[in-house]
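Asker: coordinates only, sequence not included:
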RNA sequence: GCCGGUGUAGCUCAGUGGUAGAGCAACGCAUUCGUAAUGCGUGGGUCGAGGGUUCGAAUCCCUCCACCGGCUCCA
């Protein structure tokens, strides 16, 4: 019998299993004709077989998923009352959810780990068992595994697959590694609460997260990265570098200290400049409005639990959670012609939302934040051009801030579930096509998410990552078919009749707070020269050179650099250390030699001592620093 | 909001029933120094808040608040 392995035709025996053909110990599964299978698979004539190791992405998923099964077996042995929920592989590792009598403790994790080592040492085979649906249902019911029964009830196939190792069996599609001994190094990382099916009205479960690797080096490396990521945490760095503080005035409320405020101001200057260049008109709108406005917009109906409301006199008021209704009112302040479009209103608009207490997270999830918001009112024929411009603006700005990697998602509606989405079919089709066309035209990789659209329209979201690899939504482009309808937003067409305007919400940075948080983590607090709140520190070696240092300081501030002068009575090594810890890009050190020769000794962040140089050479260096503002 | 953890000086943390500690920072004095911490000294705390147990509570118990890791949410 002939099969193709790694592109080469091989002769194999009938009934032979993959495990004897692909016997290298690092091969854990295989892809046969594009489908993932266990190594117990018996190849058929003409199969195209690719071995899979841990180094494949699919291989990692299989490896982690198998580790999850081992963990579940250990938990069942230690806690026989535990009910199995689900235990998938995730981006980094795996988890398994259990319903248990009491939450897991740290000591429990140690015991579970010990039990897992026992299971691994036994090198139990992962055996695929295919059962008729009814039989499997009966079996799990007898075992009291109610969640598995619920899952089986939703499977429409006649046969379901389970995997068995030792006397542990779990409902599972597979594939798995051949035996438990293949799992070499693992670590249980944390526990947390969760809900069955992610539904907070259903059973509360306990989740254990873990990760595993094929070598100790890989595991140690991963744990090391986790530790290092903690040092990049924007909450820690923000305090250390005196950029901002969070939560002092109340949970989720941010104080921008002078240094953080400087960074923000520069970001805003850049933002304003780029927007004006592209035909946006800047507006300002109030922080509060009568409840009536939010009733018209529908926010009162759909967004109520997130809105902060209060009474002013007899009237109900709302602290604005969004800027859109205000921009619409500006648009509607007069009749608009098709010739006026597109109209693009932009605002750094501060909004307040009541976010549930458990979701707040540093600067990345707050209750008061400033969106770099804009609303584009245009004709249907202008949609594609506008989307294209927005994406290019987003890419341009991301690039200037040093973000080169991000994840793009296109969220469209579920065509089978039109009930959940407002607006006309043709509008949706047109908008979704426009978003998708632009992504394709600009050659941007994206993930299409069916059913993930907002109820009012499809959207493109760009996600940035924090130091721990968590994704946070930054730029977003959203169509809105709902608000123009509710507010009756129109323009007069060439045919002299009113037409519905197309409205696009968009944010490039997302929110100043969140953007600042990701920016700090991305640069590990070391802001690029143009953003650094302090760009240069001038430091003296002895008191005798203070006048010369002051002269340097004045010259630099006169050139609009942000400079600090350090004439303190400390050794130069101490001053160097302080400047390095504050992650300041340049340090100018002046001593007697510099004063006498009228030169400067320059130290650059990341490069160290550049030695003594002429003033002009230093100027040349500074001018060589990128500055998108000029 | 839910599950678990944590909360001591401006910051980082030690202190598990018997008089609140260290390092850094701040302040003072000495030192005037050449590229990642000069030395000595001084001040600084209702131990997150409230209640309880106890002769006595930072420490044990209860409630609340905040933060951390997740879950859920983020129209």
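Answerer: In hand now; what should we look at? Being a predicted model, the structure only gives us computed values, none of them experimental. Residues are numbered from 1 along each chain as shown, chains lettered A, B, ... in the order given.
Asker: Check the offset of the longest helix anywhere in chain A from the chain's centre.
Answerer: Using DSSP state H to define each element, chain A has its longest helix at helix A:57-78. Centroid separation for helix A:57-78 versus its chain: 26 Å, with Cα atoms, centre = their mean, to the nearest Å.
Asker: other SSEs contacting it?
Answerer: In terms of contacts (3 or more Cβ pairs under 8 Å, 6 or more residues apart in numbering; DSSP states H and E), helix A:57-78 is packed against strand A:27-32, strand A:48-53, strand A:89-90, strand A:93-99, helix A:106-122, strand A:159-165, strand A:168-171, strand A:204-213. Where C-beta positions appear, they are placed from N, C-alpha and C, glycine not excepted.
Asker: what's the angle from that helix to strand A:27-32?
Answerer: Helix A:57-78 runs at 120 degrees relative to strand A:27-32, counting by axes from the mean of the first three to the mean of the last three Cα atoms, to 10 degrees.
Asker: from the chain's centre, how far out does the helix or strand following helix A:57-78 sit?
Answerer: Per DSSP states H and E, the first helix or strand lying C-terminal to helix A:57-78 is strand A:83-84. Relative to the chain's own centre, strand A:83-84 is displaced by 31 Å; criterion: Cα atoms, centre = their mean.
Asker: Pairing partners for strand A:83-84, with directions?
Answerer: strand A:93-99 (antiparallel) (DSSP bridges).
Asker: Contacts (any at all) between RNA strand B and the strand it pairs with?
Answerer: No: against RNA strand B, strand A:93-99 shows no contacts by Cβ under 7 Å from any atom of the strand, the least distance being 7.6 Å.
Asker: ok, and what's touching that strand?
Answerer: Here strand A:93-99 makes contact (Cβ atoms under 8 Å, 6 or more residues apart in numbering) with A:64-65, A:67-68, A:71-72, A:75, A:79, A:82-88, A:147, A:189, A:194, A:196, A:203-212.
Asker: before we move on, back to that, would you format the helices and strands packed on helix A:57-78 as JSON lines with mean pLDDT included?
Answerer: JSON lines is the format used below for the helices and strands packed on helix A:57-78 (pLDDT from 0 to 100):
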{"stretch": "strand A:27-32", "mean pLDDT": "94"}
{"stretch": "strand A:48-53", "mean pLDDT": "93"}
{"stretch": "strand A:89-90", "mean pLDDT": "94"}
{"stretch": "strand A:93-99", "mean pLDDT": "95"}
{"stretch": "helix A:106-122", "mean pLDDT": "92"}
{"stretch": "strand A:159-165", "mean pLDDT": "94"}
{"stretch": "strand A:168-171", "mean pLDDT": "94"}
{"stretch": "strand A:204-213", "mean pLDDT": "95"}
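Asker: Format the ones you listed as JSON lines; extra columns: mean neighbour count.
Answerer: As requested, those are arranged in JSON lines below (neighbours: other Cβ atoms under 10 Å):
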{"stretch": "strand A:27-32", "mean neighbour count": "23"}
{"stretch": "strand A:48-53", "mean neighbour count": "19"}
{"stretch": "strand A:89-90", "mean neighbour count": "16"}
{"stretch": "strand A:93-99", "mean neighbour count": "23"}
{"stretch": "helix A:106-122", "mean neighbour count": "16"}
{"stretch": "strand A:159-165", "mean neighbour count": "18"}
{"stretch": "strand A:168-171", "mean neighbour count": "21"}
{"stretch": "strand A:204-213", "mean neighbour count": "22"}
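Asker: ok, the residue nearest the centre of chain A to residue A:514 distance?
Answerer: Centroid-nearest residue in chain A: residue A:471, 1.2 Å away (criterion: Cα atoms, centre = their mean). According to Cβ to Cβ, to the nearest Å, residue A:471 and residue A:514 sit 12 Å apart.
Asker: Then residue A:215?
Answerer: Distance, residue A:215 to residue A:514, by Cβ to Cβ: 37 Å.
Asker: Which of these two has more residues huddled nearby?
Answerer: The neighbour count for residue A:215 versus residue A:514, taken as other Cβ atoms under 10 Å, is higher for residue A:514 (26 against 11).
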